[in-house]
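**Student:** I need the structure of the sequence given here:
(chains A and B)
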Amino acid sequence: MSAPGIPFPSLATVALPEVPAAGSGDWPARIVESARAAAGRLPVPTPRDEDWRFTDVAQLAKQSYLVEAVPSDLPSAEVLRPLLLDEADGARLVFIDGRFAPALSDTGALAAGVRLVALSDVLSWGLGGSTADGDAGTAAEVRAHLARHVGFEADFFSALNTARLGDGAVLVADRDVQVAGAVHLLFLSTGRPAPLAIQPRVLVVAGAGSELTVVEEYAALGESMVFTNAVAECVVGPNASLHHVRLQRENRASFHVGRCAVSIARDGRYRSVSVNIGARLSRLDLNVTLNGQGAQAHLDGLALLDARQHSDSHTLLDHATPDGSSRQLHKCVCDGGSHAVFNGRILVRPDAQRTDSAQQSRGLLLSPKAQVNAKPQLEIFADDVKAAHGATVGQLDGDELFYLASRGLPAAQARKLLTYAFAAEVIERIPVRSLVARLAAQVMARSGL
Amino acid sequence: MSAVLQQLVSQPYKHGFVTDIESETAPRGLSEDVIRMISAKKGEPDWLLQFRLEAYRHWLTMTEPTWQNVSHPPIDYQDIIYYSAPKPKKKLASMDEVDPELLKTFEKLGVPMHERASLAGVAVDVIFDSVSVATTYKAKLAEVGIIFCSISEAVHDHPELVRKYMGSVVPTSDNFYAALNSAVFTDGSFVFIPKGVKCPMDLSTYFRINTQDSGQFERTLIVAEEGASVSYLEGCTAPKFDTNQLHAAVVELVALDDADIKYSTVQNWYAGDENGVGGIYNFVTKRGLCQGRNSKISWTQVETGSAITWKYPSCVLLGDGSSGEFYSVALTNHMQQADTGTKMIHVGKNTRSKIVSKGISAGRSSNSYRGLVKIGASADGARNYSQCDSMLIGDRCSANTFPYLTVQNPASIVEHEATTSKIGEEQLFYFAQRGVDAEQAISMIINGFCRDVFIHLPMEFAVEATKLLGLKLEGSVG
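**Tutor:** As a prediction, the model looks like this:
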């Protein structure tokens, strides 16, 4: 029988001797300590907070959670195989209930100059002192960037994750390394025992001039409730290019809160595709800062919801330097009694002259009980700026349906086809072919095609 | 910025002067006693006193909102004079008997009342320090059954109408400032257009804030019965003062079946000096209720004044087939702040709304568009189109857009677009090589930018607004 859970508000503050977070040196311990203090200080957000106006985490916050997974049988090769990506063969880390699973991971085919290690290993090297066991370069990058970008001082969920810093993935690409395939970070939950709270952590550092594609995926193996509170930090070096695919396919009983903080240096390029399909309630905050002149960001998002699902996507494009450009396309498809929220904020700071920014948000409502809340938000403090956003919410286009009907397609079939096409525009922007095919099949199945 | 332009930017407020008229003034602060005094002074019936007291008691339980994108020092509500009125003089038979000083004030503002009234065919209900002192064209309007008078008069002469509609669109408990207004409102305008009547002329009210430290709390109520239509103009200027003045008005519009109300505003109150000292706080609740089938309410506003403009003229589209429109130009310069926009609440089937907002920021000002488009579950076939464009002049101002879209009906379409642009060197260069100087060029560019809104203003207002923007922005680009 499992031990009694910890009430949600104390998840960060209750002392847990078995958590290996602190390591030896003073550095991670200090961060964990201040995150713990922040999590204790910050109130759990409620719909009274503007940022959480349409997303009520009361259901999530009233639960008690277990924090340490009971080591369970690892999933068999047959279970795992359909979840793997051809492009990431020999370049994957797998985590079960938040803990690194070396037996399922494979880093055998990594390109030279790419380091992919578990955070728990890095922490065990003792970053404060010697790094005799580990790799000094990776340790230095972790030290330089971990918890430096996500701003846990002002955000409850980031603080909670950082306070429970324990395991996750660290991916570092050296200067000018170009990786042809993708790196797959697969976070699987078994949900045993339930309810379990998991705090995954990801750090990606793309060195100057490097090119890298990473797939960050969250999926459930069981049906029991899991609370996943994931934090990712991506550092895009000067003239580097990072493709980031974030895929959330939790089960319908689960809660998923994700944070992703991205910093782009001079002439760096960051492209991300976030797909939210699963979870009872999911929330993603994607904060991208264009920190160097000429940085580019391209964000695409898709939420595909039905039944009672709720998905909230908050993005921030922070143009802090001149000559940056950003493009964004966010789509949501709501069926059943689902509810999609999109808040896309574009901030152009006083010095960010000649910024060029465009954002598109499109919502498709398929049912009378579904709801979309969209808030495309522009905040502009520089005058030589091109900034535009567009938002639409509506139904399938009557002309398009008529066209398909005139070609002999039954109405129901035509609706499914158009719904699929609507979602496919985002899915097809994923640069990993096998993943595109898999997601397309999934969307088709869901549309009944 | 060149010296000439600099000089033009810092032009002093041209309408800053104080008229010295003896005021009968309530003691500073707010209490039930003050409300009873206001009510007694105005000889109000008991139900209206109860309305005020209920609002006041609710107001005491409310806290000031903080979500808006504006900042100001805290307002001391106990340091405001809630009632001041020109001393009653003998009844006026004609314009000649109006206080000559009052008339002079309007002369200085360039509003020659009688001339304007007769030449332009505009009936002007003059509100001077919260009490109406003259109303023209009343008889002519009465012929067709239109009631156009001050709220106080309406309370006496048509209590059943006022009682029926006042608070029906903006309830006393609606928000902090609406509750305050409901408790202490001193006067305002009342318009009633009976069934089937098209108002033969544009109705116009000029508001004027006078007497230092007297917050103004007007209340406007316009009711258009079945098939009626009216165009109402509201224009504002205020004398120059250093103390911030709070202005918390409430405007309620009610349109029954097939009725049509058009409400236009040009607002040019004192905006404070270039360091943000002084200026009016303009916190207004404006809302229209399209209660009847196929009714229509249209808001047009040109906001150029006030230290802080904070208002969202809204439409509740209740009747099937009703439509709401919002056309806005908001210009901020120096330290001005504006957080303005609209709310379109779609409840009825086949309701339509259109939003066109143009924000221009210059100096160190902050200009925000904030809007809500809500399509309720019952609003089958609802349609919304919104367009919000911002223009920045200079690199120390800000332009923000906060549109909220909430859609709960799959048989509806909502579209929102926003762009940001600036007056570029290239544009000015192009004009220069065609022999047009920078001042004129800016004026032309701005007028082109705002054209979509100006075409919805009544003619006289369109001329005034065009001049106003030119004046306000002269020298902002260099």
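**Student:** Determine the number of other residues adjacent to the residue nearest to B:Phe326 when sequence neighbours are not counted.
**Tutor:** The shortest distance from B:Phe326 to any non-neighbouring residue, by CB to CB, 6 or more residues apart in numbering or on different chains, is to B:Thr342 (4.0 Å). Glycine gets a C-beta too; all of them are placed from N, C-alpha and C. When neighbours are counted by other CB atoms under 10 Å in any protein chain shown, B:Thr342 registers 27.
**Student:** so what pLDDT did B:Thr342 get?
**Tutor:** At B:Thr342, the predicted lDDT confidence score is 95.
**Student:** Give the residue spans of chain B that score low on pLDDT.
**Tutor:** By pLDDT under 70, the weakly predicted segments of chain B are B:1-24, B:85-137, B:205-215, B:236-244, B:460, B:464, B:474-478.
**Student:** which bits of the stretch 301-449 of chain A sit near chain B?
**Tutor:** Near chain B, the residues belonging to the stretch 301-449 of chain A are A:350, A:353, A:363, A:365-395 when assessed by CB under 8 Å from any CB of the partner chain.
**Student:** any idea how far B:Ala432 is from chain A?
**Tutor:** Between B:Ala432 and chain A the distance is 19 Å, computed by CB to the nearest CB, to the nearest Å.
**Student:** ok so that residue is a helix residue?
**Tutor:** Yes. Going by DSSP: H, G, I helix; E, B strand; the rest coil, the assignment for B:Ala432 places it inside a helix.
**Student:** Give me the residue ranges of the stretch 201-350 of chain A where confidence is low.
**Tutor:** Within the stretch 201-350 of chain A, no range satisfies pLDDT under 70.
**Student:** And the strand or helix carrying A:Leu317, what does it pack against?
**Tutor:** In this assignment (DSSP states H and E), A:Leu317 forms part of strand A:310-319. Strand A:310-319 is packed against strand A:269-276, strand A:281-290, strand A:296-305, strand A:325-334, strand A:339-348, strand A:355-365, with contacts defined by 3 or more CB pairs under 8 Å, 6 or more residues apart in numbering or on different chains; DSSP states H and E.
**Student:** Would you mind telling me which of those strands is nearest B:Phe461?
**Tutor:** strand A:339-348 (33.7 Å; CB to CB).
**Student:** Give the buried residues for that closest one.
**Tutor:** Within strand A:339-348, the residues that qualify as buried by neighbour count (16 or more other CB atoms under 10 Å in any protein chain shown) are A:His339, A:Ala340, A:Val341, A:Phe342, A:Asn343, A:Gly344, A:Arg345, A:Ile346, A:Leu347, A:Val348.
**Student:** what angle separates it from strand A:325-334?
**Tutor:** Put simply, strand A:339-348 runs at 170 degrees to strand A:325-334, going by axes from the mean of the first three to the mean of the last three CA atoms, to 10 degrees.
**Student:** mind listing what strand A:339-348 pairs with, with the direction of each?
**Tutor:** Partners of strand A:339-348 in the sheet, by DSSP bridges, are strand A:310-319 (parallel), strand A:371-380 (parallel).
**Student:** tell me the SS of B:Thr265?
**Tutor:** Under the three-state scheme (three-state DSSP), B:Thr265 adopts strand.
**Student:** Next: B:Lys467.
**Tutor:** At B:Lys467 the chain is in helix, as set by three-state DSSP.
**Student:** tell me, how many neighbours does residue 299 end up with?
**Tutor:** Since you didn't name a chain, this refers to chain A. Summarising burial for A:Leu299: neighbours were counted as other CB under 10 Å, giving 24.
**Student:** sorry, should have said chain B
**Tutor:** Other residues near B:Trp299 come to 26 when the count uses other CB under 10 Å.
**Student:** and the next element down the chain from the strand or helix carrying it?
**Tutor:** Secondary-structure assignment from DSSP H and E places B:Trp299 in strand B:296-303. Moving toward the C-terminus from strand B:296-303, the next helix or strand (DSSP H and E) is strand B:308-311.
**Student:** Before I go, just wanted to say thanks for your time.
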